[in-house]
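Whatever this is, show me its structure:
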Amino acid sequence: MEKSIIGGYGPWASSLIQDPPALSFRRKEWKKLDAWKPGALQKAKELLSAPRPEKAPGVRTEKKYVFEGLEIEEISWQLPYGRRTEAIVLKPAGATGKLPAILALHDHGGKKYFGKSKITRTAGEMHPLVRQHQESDYGGRAWANEMAAKGYVVLVHDTYAFGSRRVHYEDMEGISWGALKSGGKTDRDIVSDRDIQAYNTWAGEHESVMAKSLFCAGTTWPGVVLSEDQAALSVLASRPDVDAGRLGCGGLSGGGLRTVYLAGLDPRVKCAVCVGFMTTWKDLLLSKSFTHTWMTFAPLLPAYLEFPEILGLRVPLPVLVQNNNQDGLYTLSGMKQADDMLSEVYRKAGAAGRYEGRFYDGPHKFDVKMQEEAFAWFDRWLS
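Below you'll find the model as predicted:
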C-alpha cells in the first residue's frame with residue numbers, strides 16, 4: 001500500500017481529486033476565457049467566503065521621515081474588527097508625480113509577533129530576530145526597501161494575526177496562553193527574544209483554534225486575509241502619488257500564498273510575483289499539508305480548481321512564480337506539476353509570454369538573485 005502523511009488513506013483521498021477539476025480552464029469544454037472565467041471566479045469567491053473588503057478605510061499618518069534615500073510614512077487604519085492595522089509606505093525621497101506601486105506581502109515564517117518589519121528597514125538598528133530572519137530568508141536585505149529604491153511606491157501592512165493584528169493576551173479568555181502564562185505576562189510584557197519566541201510558538205499552536213472559529217463564523221482564514229489585503233490594496237491605489245493602473249503585488253512563502261489569492265481574485269493587480277509557495281492540492285494532501293499554515297486551506301475549493309489555478313484566474317495578466325528546488329515545504333514533483341498546469345492555462349489563453357515559472361537551487365528563500373529577477377519582472381510590466 002502506498003504510504004502518505006495520512007497513512008493508507010492517502011491513495012483513496014487523492015483519488016477524490018479530479019484532474020482537471022470541475023472549473024479548471026484546462027478542461028476541454030472550456031474554449032474561451034470570457035465563457036470560463038466569471039463562473040470560476042464566482043465559485044472561488046463563494047468558497048473563500050471572504051468578509052466584504054473595506055474599499056477605502058480611513059488612513060491616519062503616524063510618522064513621516066527619510067531613511068537611506070527613501071521617504072517613509074508610518075500609517076494605520078481601522079477595520080471593522082480587531083486592533084488598528086499598521087503599515088509602512090516607502091518611495092524614493094524627492095519623487096514627484098504618480099509612480100507604479102507594489103503591495104509587498106510579508107511572510108508567515110512561524111513568526112506572528114512580527115509582520116511588516118520582516119521585509120522592511122526603517123532605522124539603523126533592527127530587532128535581532130528580524131535581522132536574523134532577513135539574513136536567512138532574504139539574503140540579508142529588506143526587499144521592500146530595495147523595490148522602492150527602484151522608483152516604486154511600496155506599501156507593507158500587517159495582515160490578520162500578525163504584528164499589529166496579532167492576538168493579544170488581554171483579549172483572550174477560555175484558552176491557555178502556553179509558556180507565557182506562567183509569568184503572568186500581558187502582551188506589553190512580551191519584549192525579550194525568549195518571550196517573543198514563546199509567543200510565536202503559542203500562535204502556531206493556536207492556528208487550529210482560529211481556523212475552526214472562522215469556519216464557525218462562515219468564513220475561512222484565506223478569505224479573511226484576502227479581504228484585509230484587498231483593503232490595503234485600496235489604500236495604496238487611492239494615494240495621490242500612485243498610478244492605480246500600475247499596481248503589483250508579491251512576496252515569499254506566506255507572502256507567496258497571499259499573492260496566489262490576491263492576484264488570482266483581484267484584477268487591480270496588473271503584475272504579480274509569487275515566491276516559494278506553489279504546488280498542487282495532491283502534493284499537500286499526500287506529503288506536505290502539515291508543513292503549512294491554515295491560511296492555505298479553503299474547504300471544497302480543490303473540487304473546482306487546482307491550487308495553481310487559483311493564481312491562474314488572473315490570466316492573461318502577467319505572473320512570475322519562483323520556486324526553490326530543495327524547498328522542504330513542497331516536493332519538487334509537486335512544484336513542477338504546478339508549473340505545468342499554469343503553463344497550460346496561459347498557453348490555452350494565448351498568453352504564454354505572460355507566465356514564467358523559474359526554479360533555483362537552494363532551500364526556501366527569496367535571495368538577492370531571485371529578488372533582482374522579480375524586480376526586473378515588475379519593471380517589464382509596470383514601468
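
SS state for the closest residue to K118 other than its chain neighbours?
Among residues not flanking K118 along the chain, H106 sits closest, at 4.9 Å (Cβ to Cβ, 6 or more residues apart in numbering). Quick note: C-beta positions are derived from backbone N, CA and C, even for glycine. With DSSP: H, G, I helix; E, B strand; the rest coil as the basis, H106 sits in coil.

and H106, what does it touch?
By Cβ atoms under 8 Å, 6 or more residues apart in numbering, the residues touching H106 are 114-116, 118-119, 156, 158-159, 162-163, 251, 254-255.

Could you rerun that using 6 Å?
115-116, 118-119, 255 (Cβ atoms under 6 Å, 6 or more residues apart in numbering).

what do you get for F277?
F277 touches 253, 256-257, counting by Cβ under 6 Å, 6+ apart.

re earlier: same list, the contacts of H106, but as TSV with secondary structure please.
Output for these, formatted as TSV (three-state DSSP):
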residue	secondary structure
G115	coil
K116	helix
K118	helix
I119	helix
G255	helix
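
Emit the ChimeraX select command for whichever of the residues you listed are buried.
Selection of buried members from the contacts of H106 for ChimeraX, criterion 16 or more other Cβ atoms under 10 Å:
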select :115,116,118,119,255
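
would JSON lines of the contacts of H106 with pLDDT and distance to G139 be doable?
Converted to JSON lines, the contacts of H106 look like this (pLDDT from 0 to 100; distance: Cβ to Cβ, whole Å):
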{"residue": "G115", "pLDDT": "98", "distance to G139": "20"}
{"residue": "K116", "pLDDT": "98", "distance to G139": "19"}
{"residue": "K118", "pLDDT": "98", "distance to G139": "14"}
{"residue": "I119", "pLDDT": "98", "distance to G139": "12"}
{"residue": "G255", "pLDDT": "98", "distance to G139": "15"}
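
residue ranges with poor pLDDT in the stretch 151-300 of the chain?
Applying pLDDT under 70 to the stretch 151-300 of the chain flags the ranges 178-186.

Let me see the ranges of the strands in it.
In the stretch 151-300 of the chain, the segments counted as strands under DSSP state E, counting those that start in this stretch are 153-157, 242-252, 269-275.

so which of those strands is the most packed in?
Mean neighbour count (mean count of other Cβ atoms under 10 Å) peaks for strand 153-157 among the strands of the stretch 151-300 of the chain, with a mean of 28.

Strand partners (parallel or antiparallel) of that one?
Here strand 153-157 has these sheet partners by DSSP bridges: strand 85-92 (antiparallel), strand 99-104 (parallel).

between that strand and strand 242-252, how many degrees?
50 degrees (axes from the mean of the first three to the mean of the last three Cα atoms, to 10 degrees).

Show me the contact partners of strand 153-157.
For strand 153-157, contacts defined as Cβ under 6 Å, 6+ apart pick out 85, 87-91, 99, 101-104, 116, 120, 144, 147-148, 232, 236, 241-242.

Could you do stretch 56-68 as well?
Stretch 56-68 is touched from outside by 72-77, 93, 122, 231, 234-235, 238, with contacts defined as Cβ under 6 Å, 6+ apart.

Alpha carbons of that stretch, as PDB, please.
Taking C-alpha atoms only, stretch 56-68 is exported to PDB below (Å, rounded to 0.1, in the frame of the first residue of the first chain):
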ATOM      1  CA  ALA A  56     -11.200  52.900   1.300                       C
ATOM      2  CA  PRO A  57     -10.600  52.600   5.100                       C
ATOM      3  CA  GLY A  58      -9.700  55.900   6.700                       C
ATOM      4  CA  VAL A  59      -6.000  56.200   6.900                       C
ATOM      5  CA  ARG A  60      -4.000  58.100   9.600                       C
ATOM      6  CA  THR A  61      -0.400  59.200   9.100                       C
ATOM      7  CA  GLU A  62       1.500  58.400  12.300                       C
ATOM      8  CA  LYS A  63       5.000  59.500  11.300                       C
ATOM      9  CA  LYS A  64       7.000  60.700   8.300                       C
ATOM     10  CA  TYR A  65      10.700  60.800   7.700                       C
ATOM     11  CA  VAL A  66      13.600  60.000   5.300                       C
ATOM     12  CA  PHE A  67      15.900  57.000   5.800                       C
ATOM     13  CA  GLU A  68      18.600  55.900   3.400                       C
END
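
Just the pLDDT at the spatially closest residue to L332 that is not a sequence neighbour, thanks.
Among residues not flanking L332 along the chain, N325 sits closest, at 5.9 Å (Cβ to Cβ, 6+ apart). N325 carries a pLDDT value of 98.

coming back round to it: of the contacts of H106, closest to A35?
G255 (32.5 Å; Cβ to Cβ).

so which strand or helix has K37?
For K37, the element it lies in under DSSP states H and E is helix 33-48.

Show the subsequent helix or strand relative to that helix.
Next along from helix 33-48, by DSSP H and E: strand 59-67.

hmm, back to that, can you lay out the contacts of F277 as a markdown table showing neighbour count and distance to L342?
Listed next are the contacts of F277 as a markdown table, based on neighbours: other Cβ atoms under 10 Å; distance: Cβ to Cβ, whole Å:
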| residue | neighbour count | distance to L342 |
| --- | --- | --- |
| S253 | 24 | 18 |
| G256 | 25 | 13 |
| L257 | 26 | 15 |
